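Okay, structure incoming, though there's no sequence with it:
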């Protein structure tokens, strides 16, 4: 048994050492929408006025309209707090009081912000289904177990509006549907809010990406050296230790001396990791043209995309 375990560990260690070096780097992305250089924003509270519908087709349906109304309010409040808190924390916008903006809009006056966000919960439905499951004990006696499951469905609808022109910049509707696992007691059935909380958070994050720059993890992989060049191994070790500039220079030296495609490719990737996108583009283009390797052409396309995103971000920041 010990020999089997040792053999497995040895094979696993060999697998790990044979893996290509991966690098994860945090990059800032531009907001997805063009808000015309908006500097200030108001997040109006999400509304839950739409009447929820409750329906069902299972063996037994347990109706809880009061709980549904409470869940809708919890969902709306969570969205409002999540988006407002994130905007305030980022500092990208001047955050204007929602109550002030609501009042001036009601009075048909000029809003003290560049854009504002408004939204609501639509077509809210929630139900708890009950079914009976037949069982048999050791003596052959039949008995039934009652099982409960909640289903929730609704849409989150929101608009981003130019406060001066009242033009709708963006209109979005996201459908959320979720079903809980079956439980054997009614009191163990999760509330609609708790069941969809993670979905709501994902929706809020997608909304935030539309209006302000955000951070994303970019994962890049260095190519393995098949020539067993000691300098390539040293450069790879430097990269694993996050000494990216030293690693880049050593890979570049190997490429200049030997023309090894993997060396040039890795040097270009490390330039990209350090934010030297134009240098990375020029080097990867050279590597791709000389080697005609598909991996290099795909990497070149990715670098060009990174440059486009970086330029969009720069433009957004400068226009404000």
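Received the coordinates, thanks. All values derive from a computational prediction rather than experimental measurement.

From here on, just use CA atoms for contacts and neighbour counts.
Will do.

Could you verify my assumption that residue 162 touches residue 169?
Yes: here residue 162 reaches residue 169: they are 6.5 Å apart, a contact under Cα atoms under 8 Å.

ranges for the helices of the chain?
2-18, 65-90, 98-106, 192-211, 230-240, 244-258, 261-273, 277-291, 294-319 (DSSP state H).

Buried by neighbour count: which residues of stretch 282-297 qualify?
Using 16 or more other Cα atoms under 10 Å as the test for burial, stretch 282-297 gives 283-288, 291, 296-297.

Just give me how far that stretch sits from the chain centre.
31 Å (Cα atoms, centre = their mean, to the nearest Å).

just checking, residue 209 touches residue 32?
Yes: between residue 209 and residue 32 there is a contact at 6.3 Å, judged by Cα under 8 Å.

Residue 174 and residue 117, how far apart?
Relative to residue 117, residue 174 is positioned 15 Å away (Cα to Cα, to the nearest Å).

out of the two, which sits in the busier spot?
residue 117 (23 against 13; other Cα atoms under 10 Å).

closest to residue 132 out of the helices of the chain?
Minimum separation from residue 132 across the helices of the chain (Cα to Cα) falls at helix 192-211, 22.2 Å.

what helices or strands is the closest one leaning on?
Applying 3 or more Cα pairs under 8 Å, 6 or more residues apart in numbering; DSSP states H and E, one finds that helix 192-211 contacts helix 65-90, strand 142-162, strand 168-179.

what is the mean pLDDT for it?
Average pLDDT, helix 192-211: 97.

ok now that helix, how far from the chain's centre?
10 Å.

now stretch 291-309
23 Å.

same thing with stretch 85-97?
20 Å.

if we look at it, which residues are touching it?
38-43, 112-113, 208, 212-213 (Cα atoms under 8 Å, 6 or more residues apart in numbering).

Recalculate using a threshold of 6 Å.
For stretch 85-97, contacts defined as Cα atoms under 6 Å, 6 or more residues apart in numbering pick out 39-42.

same thing with stretch 140-148?
129-136, 182-184.

Would you point out the most distant pair within those residues?
Greatest spacing in the contacts of stretch 140-148, by Cα to Cα: 129 and 136 (22.9 Å).

in the stretch 1-150 of the chain, what spans have low per-residue confidence?
Residue ranges of the stretch 1-150 of the chain with pLDDT under 70: 1-18, 49-68.

Reformat the buried residues of stretch 282-297 into a markdown table and put distance to residue 263 and pLDDT next to each item.
Output for the buried residues of stretch 282-297, formatted as a markdown table (distance: Cα to Cα, whole Å; pLDDT from 0 to 100):
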| residue | distance to residue 263 | pLDDT |
| --- | --- | --- |
| 283 | 11 | 98 |
| 284 | 11 | 98 |
| 285 | 14 | 98 |
| 286 | 12 | 98 |
| 287 | 9 | 98 |
| 288 | 12 | 98 |
| 291 | 12 | 97 |
| 296 | 11 | 98 |
| 297 | 15 | 98 |
